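Visitor: no sequence for this one, just the structure:
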Ligand code: 15L
């Protein structure tokens, strides 16, 4: 991919560095900063040139206060990235997001790129066109936690002037894996373009943008977020015939096929009913 022109940061922090997208972004973000600080609760590969590696749980405020020291931009990709019981989602995604924002405020960080998710709006039907202002319809405890993160970002902007771009990431995979992803797919190169645009756009306040490639079919209208300057270049189209052959039509009686969030809409409940 052609390197993007973007301001160089002194030190960027990437949380969730051991996760799926964290591992994609780790080698790609190095060219945009002098030092890339990488953090996760899980072990990571040792630090290479221009890297710092800090293993730390998001739910530990003191650890986050140390982690945010001398950072001038944050990519918050940490936390659980799939549906889990609420007691797993709460510390990682809700307490964890609060700790990152509060530590960032204390350390004077001006810009956060928050890895939200389209699971904030996953209960809308496929084919409905949504904008960044469409009312949330979370499809999971995970989606609810991302809606909390977007509200947290809005609050920290309104109260403290800290800017965030919340990325409602679709399906960022090497290639689309099913018919739904023909519309929700975000290539890794477009993910990089999105993150760099979100970090470097001059004024963002709190902006929400869908993380999706230039697919022929899409349910998400990003025209309100043009100011971010994200121009996707990839498309899922070359996999269409193959994936539509596997699933020739969308069965409206099955919510996991009908809804934008796919299987997330039917996972759970996890709690046992009382005796
Ligand atoms: C997500 O938010 C997940 O993190 C990812 O693993 C995918 O499953 C994606 O959504 C999706 O719905 O395709």
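Guide: Perfect, thanks for sending it. Just so it is clear, the model here is predicted, and its values are computed rather than measured.
Visitor: and the closest residue to residue 220 other than its chain neighbours, what element?
Guide: In space, and not counting its chain neighbours, residue 220 is closest to residue 210: 3.8 Å by Cβ to Cβ, 6 or more residues apart in numbering. Bear in mind the C-beta positions are built from the backbone N, C-alpha and C, glycine included. Assessed by DSSP states H and E, residue 210 sits inside strand 206-211.
Visitor: Tell me how many other residues crowd the residue in the stretch 101-250 of the chain that the ligand sits nearest to.
Guide: Nearest residue of the stretch 101-250 of the chain to the ligand: residue 171, at 3.2 Å (Cβ to the nearest ligand atom). Neighbourhood size, residue 171 [other Cβ atoms under 10 Å]: 22.
Visitor: now residue 271
Guide: Residues lying near residue 271 (other Cβ under 10 Å) number 9.
Visitor: ok, it - contacts?
Guide: By Cβ atoms under 8 Å, 6 or more residues apart in numbering, the contact list for residue 271 reads 85-86.
Visitor: And it, how far from the ligand?
Guide: Distance, residue 271 to the ligand, using Cβ to the nearest ligand atom, to the nearest Å: 22 Å.
Visitor: just so I have it, where are all the strands in the stretch 1-150 of the chain?
Guide: Listed in chain order, the strands found in the stretch 1-150 of the chain under DSSP state E, counting those that start in this stretch are 9-15, 33-40, 51-55, 73-76, 111-117.
Visitor: now for the third one, which elements pack on it?
Guide: Under the contact definition 3 or more Cβ pairs under 8 Å, 6 or more residues apart in numbering; DSSP states H and E, strand 51-55 sits against strand 33-40.
Visitor: Partner strands of the strand it packs on and their direction?
Guide: strand 9-15 (parallel), strand 51-55 (parallel) (DSSP bridges).
Visitor: Quick check: buried residues in the last one?
Guide: Looking back up the chat, that one is strand 51-55. 51, 53-54 (16 or more other Cβ atoms under 10 Å).
Visitor: same check, this time on the longest one
Guide: Of all the residues in strand 9-15, those buried under the rule 16+ other Cβ under 10 Å are 9, 11-15.
Visitor: near the ligand, which residues of the stretch 51-200 of the chain show up?
Guide: By Cβ under 6 Å from any ligand atom, the residues of the stretch 51-200 of the chain that approach the ligand are 81-82, 117, 119, 171, 184.
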